[in-house]
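Novice: need coordinates for the below:
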Amino acid sequence: MPNENIHRIEMDGRQIILIGTAHVSKKSAEEVKELIEEEKPDTVCVELCQSRYQAIQDAERWKNTDIVKIIKQGQSLVLLINLIMSAYQKRLAKQFDIKPGQEMIQGIESAKQLGATLCLADRDIQTTMRRLWRGLGFWGKAKLFYQLIVSLVADEEISEEELEKMKSEDMLTTVLNEMADSFPSLKSVIVDERDKYLAQKIKDTTGDKVVAVLGAAHIPGIKRELENDNNLEELAKVQPASKTAKIIGWSIPFLILLIIISTFSVDKASGMDQIVSWILWNGALASIGSMLAFGHPITILVAFLVAPISSLSPLLAAGWFAGLTEALIKKPNVQDFENISEDVSSLKGFWRNKVTHILLVVVLTNLGSTFGTLIGGVDVLKKFVNIF
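Specialist: Model prediction:
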């Protein structure tokens with residue numbers, strides 16, 4: 001009986017064999033092993049980038065993580081979302097007593113045993129996350145983060161039969177279409193763009209017979225994109241913020257300052273009220289965000305003091321200062337980094353682990369500061385209008 005997860009394609013005298021897998025399925029790992037042993041390909045492609053491959057090869061990688069550098073580079077939220085997304089997969093993997101991505105690990109091991117060339121075919125995960133983040137507006141980011149937190153709290157179990165059904169092309173297409181309704185950029189960046197990247201990498205690799213180990217969601221798109229030529233450099237670029245976004249980013253604080261100065265020239269008391277309102281809304285909501293992350297009292301105070309100032313500059317963020325303060329007060333140790341993989345499997349673990357706790361301080365403080373800027377800005381404008 002033919003295996004519906006295996007797709008054979010003849011292209012320019014070469015044979016490309018795609019195998020669709022579920023990332024936490026024992027059966028998928030076994031299918032990968034059997035296929036490579038039977039086909040004896042010249043090259044094995046796996047749906048991994050260099051950083052994820054190194055993560056598999058080096059289990060001690062977290063010991064070298066520089067949390068301060070992550071905060072300064074503004075990568076706290078990207079890393080936190082990565083950890084949350086992997087947490088759900090880890091929980092399923094634990095349910096079925098299998099390592100997450102075991103089918104990729106099996107592909108690597110089988111390639112080495114066979115002496116085949118190993119091709120890391122996926123786009124760098126950081127590039128994917130940055131491109132995704134660029135495509136979401138403020139409310140889209142908030143909604144995505146909320147849904148990720150909900151998925152972390154949910155404790156539902158599924159049977160392995162249901163897991164295997166997830167490899168059905170029709171079911172996956174339906175799920176991705178539903179996802180696209182809420183987050184059009186999500187499917188485009190995480191699936192469509194990577195389909196193009198993966199397909200081109202598979203085409204560009206050497207060997208007359210190639211086996212590609214892929215998540216089932218990518219199979220339909222890769223089969224389609226193998227017929228096209230795609231520019232890998234363009235797909236790997238992270239576009240800087242547009243000029244319009246930069247202009248808006250600087251215009252809002254400039255406008256708020258202009259309104260306050262104008263109010264002062266007419267009515268000093270109202271101008272003072274505007275300043276107090278701006279400080280209180282920004283400081284209070286930023287510090288509430290820090291409190292929700294169970295930040296240290298000094299961290300909460302720093303969030304309150306910094307937010308009214310950082311909100312006036314697109315180059316600064318209250319969460320950065322709060323996170324750096326928390327990192328100095330509760331410096332993560334080696335054990336915290338070693339326990340990340342286990343701790344991210346629960347919401348309690350996210351708050352308990354010092355590394356993820358610091359990331360939460362950064363993200364929730366920034367979220368509070370953003371709301372403070374919106375509400376404080378509206379209040380400043382309202383007081384200005386009331387003068388006239």
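
Novice: quick one, grab the pLDDT at S346.
Specialist: Predicted confidence (pLDDT) for S346: 69.

Novice: and for Q274?
Specialist: Model confidence at Q274, expressed as pLDDT, equals 90.

Novice: show me what the helix or strand containing it is packed against.
Specialist: For Q274, the host element (DSSP states H and E) is helix 268-292. Applying 3 or more CB pairs under 8 Å, 6 or more residues apart in numbering; DSSP states H and E, one finds that helix 268-292 contacts helix 243-266, helix 297-310, helix 318-329, helix 354-387. To be clear about C-beta, it is placed using only N, CA and C from the backbone, and glycine gets the same treatment.

Novice: helix 318-329 and the longest one, what's the angle between them?
Specialist: In other words, helix 354-387. Counting by axes from the mean of the first three to the mean of the last three CA atoms, to 10 degrees, helix 354-387 lies at 140 degrees to helix 318-329.

Novice: ok, now the first one?
Specialist: Using the same axes, to 10 degrees, the direction of helix 243-266 lies 90 degrees away from that of helix 318-329.

Novice: give the rounded mean pLDDT of helix 243-266.
Specialist: Helix 243-266 shows a mean pLDDT of 82 in the predicted model.

Novice: contacts for that helix, please.
Specialist: Helix 243-266 is contacted by residues 241, 270-272, 274-275, 278, 311-314, 373, 377, 380-381, 383-384, 387 when judged by CB atoms under 8 Å, 6 or more residues apart in numbering.

Novice: list the buried ones in the helix holding Q274?
Specialist: By 16 or more other CB atoms under 10 Å, the buried positions in helix 268-292 come out as 271, 273-274, 277-291.

Novice: work out the gap between it and the centre of the chain.
Specialist: Between the centre of helix 268-292 and the centre of its chain there are 31 Å (CA atoms, centre = their mean, to the nearest Å).

Novice: same question for stretch 196-206.
Specialist: Counting by CA atoms, centre = their mean, stretch 196-206 comes out at 24 Å from the chain centroid.

Novice: over to stretch 263-270?
Specialist: With CA atoms, centre = their mean as the basis, stretch 263-270 stands 45 Å off its chain's centre.

Novice: ok, now stretch 277-297?
Specialist: Distance, centroid of stretch 277-297 to centroid of chain: 25 Å (CA atoms, centre = their mean).

Novice: for stretch 292-306, same thing?
Specialist: With CA atoms, centre = their mean, you get 25 Å for stretch 292-306.

Novice: residues in contact with that stretch?
Specialist: Stretch 292-306 is contacted from outside by 283-284, 286-287, 289-291, 316, 318-319, 321-322, 325-326, 329-330, 351, 357, 360-361, 363-365, 368-369, using CB under 8 Å, 6+ apart.

Novice: by neighbour count, sort out the buried ones in those.
Specialist: Among the contacts of stretch 292-306, those classed as buried by 16+ other CB under 10 Å are 283-284, 286-287, 289-291, 318-319, 321-322, 325-326, 330, 357, 360-361, 363-365, 368-369.

Novice: is it true that Q239 touches R134?
Specialist: Yes. Contact between Q239 and R134 holds when scored by CB atoms under 8 Å: they sit 6.4 Å apart.

Novice: neighbour-wise, which of those two wins?
Specialist: The residue with more neighbours, out of Q239 and R134, is R134; 15 against 9, by other CB atoms under 10 Å.

Novice: what's the distance between that one and D122?
Specialist: 19 Å (CB to CB, to the nearest Å).

Novice: ok, now I309?
Specialist: I309 is 41 Å from D122, where distance means CB to CB.
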